[in-house]
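Engineer: Sharing a sequence plus its predicted fold:
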Amino acid sequence: MNAATGSGVIGVLDLQGGVQEHLDHLCRIGAAGRPVKRTADLEGLDGLIIPGGESTCLSRLLNIFGLRQDIEAHYRQGLKLWGTCAGAILLARENIGEAPFFGLIDIAVSRNAFGSQLDSFNGQAIVPMVASEAIPLTFIRAPKIVRTGPGVRVLLSMDDYVAAAEDDQILVTVFHPELTPSLAFHRYFARKCGLHPAGDDAMGLDTGWTPQSWVRFSHHI
Amino acid sequence: MAENRYLLNTQLAQMLKGGVIMDVVNVEQAQIAQEAGAVAVMALERVPADIRKQGGVARMSDPDLIKAIKGAMTIPVMAKARIGHFVEAQILQALKIDYIDESEVLTPADEECHIDKTGFEIPFVCGARNLGEALRRIAEGAAMIRTKGEAGTGNVVEAVRHMRTMNREIRQLANMPAEEVVSFAKNNGLPYELALEVKKLGRLPVVNFAAGGIATPADAALMMQLGCDGIFVGSGIFKSSDPVRRARAIVKATAYYNDPDKLLEASFDLGDPMPGLDVASMPDDERLAGRGW
C-alpha cells in the first residue's frame, strides 16, 4: 500500500525528540508532514522519519505505544524510512554492545561514539549523491556507523566512520539535517519516497530558517 | 562560549522534548529510570523531599556518585550545582556530564549572582517562576528552562502557577504594540532583546520543561497540556511505593499527554504516591522557589 500511495505525506514519529524540527523542514520543501503517534497515523504515508531523541527512550516508547510491529508491517509493504541519529540506531541491524531494535538496514552502529555533550560538534561536507553544495552537519551525542553491509550504499564517509548511508528503502544519517538551514537531505528523502519536493538544492541553504523555526510546530502555539 | 556551542546545547535540549528526566541517587535507581524510558537522569545525593526533611546545607553531589551513574547510563546525565557556585559548575564540566542544573533545590552559594553560564562549554538548565526570570537566565547563558515549582512537596500547584504566569506574560507580550514593550520589559525585568524575540516567537526561544512537585501521571500530563516541552520528576518516583510502575506510568502519560483514555490506563495500579505537603501553609523560609532572582 505504501509504495504506491502517492499521498505525498511523510510522517514523523512523534514519541519524543526532534519532531517539530522535521515537520518544519518538510513544510519548507512543500511536503505534507504528519506527526505519527498511533497506528492509524501510519496509514497512507509515503515515508516515515524516525527522529533524533534518545534511542534507549524511543525504543521503550515504541514498545509501550505498540508501534513497533506496525512500523515493521508497513516497512514490509514498501514504506520508506529515514532515521536521524537515534533513529539510525533503532534501524541498524547491529548495535555494538546492545541488542538491535528494528534491525532493518545492514549496518553496525556504535552508540554515543564521540563522548558526552561536550564532544558534540558541527562540521560540513559535500555529499555528491545528495547535493552539489556543501551541507552543514550537526552531531549531537552522535553514534558512528562502523560497518556497512553489501546492499548498503555509503553516502558520506568521515575519518573512521560512515555518517550517512542508504539501501533501497532506508536512509540513515548520524547527524541532524533538521537542526540546520540545509533542506538537501529532506529533499533527497522526499525523492526517495517518490515525491517531487519544492525548491532546488543548488539554491543553497534555506534563508527563512532560524534555530527557533521549530517553535511554530510547538504544541501550544 | 562560541555561538555554535550554545546552539548545540539548546539543540540537545530539543532532543529531550517529550521526555521525562528523573532524579536518581544511585546506580540502581538510574537503571530503573532508564529502563522505564527516562530521557535523562539527574544524579544527586538526596532527592528534594529528603533535602527538605533533613535540612542543613545541600551541595553538589559527590563526583564519585555522579561518575558511577554516568558509567551505567546510555542516556544523558545531568547534575546540580548551587546557584552562583561557578566552581561546582567547573568541576561538573570537568567531569564531562551532559547538562548542569543550576538549582534552587541546593543551598544558594551567592545571594546576588547566578553563574555566568556564557563562560562554560557545558549546557545549563535553570528554574524560573515567570518570564522575566526565564529570560534573565537565558541572558546569562542557560540553554534550557524549567519551572521551579516547589520541589520535594509532591504538590504541583507551584509548577502550575509558574507555567501559567509565563504563558500569560508571553501572551501579553505577543499582543502588545511595539511601543509598550520597553516599559513591559522594564517593569517585569525582561532583557529587552530577548523580550522582542519572545514577542516574535510567541513562546520561549529555548526548550521549557516542568519541574517541582510532579507526583502522578496526571500531574505530568497537566504540565504538558499547559505547554511544557517535557517533565522533570524529582522525589515523585523514588518516594512512591512502587517506583518501577510509577516511572513507566509517568513516561507514558508524558508521551500521551492529550489522550485521556491512555492517561486512565497509565493511572491504574500504581500504589501510593509520595506523601504530599501543603505549600500554602508553608513558611516562606521553607520554600525553595524563592531562591534565585
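Structural biologist: Received it, and whenever you're ready, just let me know what you need. Residues are numbered from 1 along each chain as shown, chains lettered A, B, ... in the order given.

Engineer: got a list of what residue 58 touches?
Structural biologist: You didn't say which chain, so I picked chain A. A:13, A:15-17, A:50, A:86-87, A:90 (Cβ atoms under 8 Å, 6 or more residues apart in numbering or on different chains). For the C-beta atoms, the positions are set from N, CA and C on the backbone; glycine is no exception.

Engineer: Oops, wrong one, chain B.
Structural biologist: Contacts of residue B:58 (Cβ under 8 Å, 6+ apart): B:46, B:51, B:82, B:105-107.

Engineer: Apply 6 Å and report the result again.
Structural biologist: Contacts for residue B:58 (Cβ atoms under 6 Å, 6 or more residues apart in numbering or on different chains) come out as B:51, B:106-107.

Engineer: Could you do residue A:100 as well?
Structural biologist: By Cβ under 6 Å, 6+ apart, the contact list for residue A:100 reads A:93-94.

Engineer: Let me know the pLDDT of it.
Structural biologist: pLDDT for residue A:100: 97.

Engineer: Burial check on residue 186, number of neighbours?
Structural biologist: Unless you meant another one, I'm taking chain A. 26 (other Cβ atoms under 10 Å in any protein chain shown).

Engineer: please go with chain B instead
Structural biologist: Neighbour tally, residue B:186, other Cβ under 10 Å: 11.

Engineer: mind listing what's buried in the helix or strand it falls within?
Structural biologist: Following DSSP states H and E, one finds residue B:186 within helix B:181-188. By neighbour count on 16 or more other Cβ atoms under 10 Å in any protein chain shown, the buried set for helix B:181-188 is B:181, B:184-185, B:188.

Engineer: and chain B, which residues reach chain A?
Structural biologist: Within chain B, the residues that sit near chain A (Cβ under 6 Å from any Cβ of the partner chain) are B:4, B:7-8, B:11-12, B:14-15, B:18-19, B:34, B:37, B:39, B:74-75, B:96, B:98, B:121, B:201-203, B:205, B:227, B:252, B:255.

Engineer: about what we covered before: who wins for neighbours among the contacts of residue B:58?
Structural biologist: Of the contacts of residue B:58, with other Cβ under 10 Å as the count, residue B:106 tops at 25 neighbours.

Engineer: For the chain, which segments count as strands?
Structural biologist: Defaulting to chain A. A:9-13, A:32-36, A:47-50, A:80-84, A:92-95, A:105-110, A:121-126, A:134-139, A:144-148, A:153-157, A:162-166, A:170-173 (DSSP state E).

Engineer: wait, I meant chain B there
Structural biologist: For chain B, the strands defined by DSSP E occupy B:20-24, B:40-43, B:77-82, B:99-103, B:124-128, B:144-147, B:207-210, B:230-233.

Engineer: Of those, which is nearest residue A:212?
Structural biologist: strand B:207-210 (10.8 Å; Cβ to Cβ).

Engineer: List the contacts of the closest one.
Structural biologist: B:13-14, B:17, B:144-147, B:159, B:223, B:228-232.

Engineer: strands paired with it, and their directions?
Structural biologist: strand B:144-147 (parallel), strand B:230-233 (parallel) (DSSP bridges).

Engineer: could you dump the contacts of strand B:207-210 to TSV with distance to residue A:194?
Structural biologist: Output for the contacts of strand B:207-210, formatted as TSV (distance: Cβ to Cβ, whole Å):
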residue	distance to residue A:194
B:13	35
B:14	30
B:17	30
B:144	38
B:145	41
B:146	43
B:147	45
B:159	46
B:223	41
B:228	38
B:229	34
B:230	35
B:231	39
B:232	42
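
Engineer: mind checking pLDDT for residue A:6?
Structural biologist: Listed pLDDT for residue A:6 reads 67.

Engineer: re earlier: can you list which of the residues of chain B next to chain A are found in helices?
Structural biologist: B:4, B:7-8, B:11-12, B:14-15, B:34, B:201, B:252, B:255 (DSSP state H).

Engineer: and the closest residue to residue A:209 other than its chain neighbours, what does it touch?
Structural biologist: Leaving out its chain neighbours, the residue that sits closest to residue A:209 by Cβ to Cβ, 6 or more residues apart in numbering or on different chains is residue A:181, at 4.1 Å. Residues near residue A:181 by Cβ under 6 Å, 6+ apart: A:205-206, A:209.

Engineer: next one: residue B:48
Structural biologist: By Cβ under 6 Å, 6+ apart, the contact set of residue B:48 is B:105, B:151-152, B:234-235.

Engineer: Among those residues, which one sits closest to chain A?
Structural biologist: Comparing the contacts of residue B:48 against chain A with Cβ to the nearest Cβ picks out residue B:234 as the nearest, at 18.5 Å.

Engineer: can I assume that closest one is in contact with residue B:22?
Structural biologist: No: in this structure, residue B:234 is not within contact of residue B:22 by Cβ atoms under 6 Å, at 8.2 Å.

Engineer: quick revisit: okay, the buried residues of helix B:181-188 in TSV with pLDDT next?
Structural biologist: Formatted as TSV, the buried residues of helix B:181-188 follow (pLDDT from 0 to 100):
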residue	pLDDT
B:181	97
B:184	97
B:185	97
B:188	95
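
Engineer: Can you dump the C-alpha atoms of the lowest-mean-pLDDT helix or strand in chain A in PDB for me?
Structural biologist: Ranked by mean pLDDT, DSSP states H and E, the weakest helix or strand in chain A is helix A:55-64, scoring a mean of 92. Only the C-alpha atoms of helix A:55-64 are listed here, as PDB (Å, rounded to 0.1, in the frame of the first residue of the first chain):
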ATOM      1  CA  SER A  55      17.400   5.800  21.300                       C
ATOM      2  CA  THR A  56      17.000   4.000  24.600                       C
ATOM      3  CA  CYS A  57      14.000   6.100  25.500                       C
ATOM      4  CA  LEU A  58      12.500   5.800  22.000                       C
ATOM      5  CA  SER A  59      12.800   2.100  21.900                       C
ATOM      6  CA  ARG A  60      10.900   1.800  25.200                       C
ATOM      7  CA  LEU A  61       8.200   4.200  23.900                       C
ATOM      8  CA  LEU A  62       7.900   2.300  20.600                       C
ATOM      9  CA  ASN A  63       7.100  -0.800  22.700                       C
ATOM     10  CA  ILE A  64       4.800   1.000  25.100                       C
END
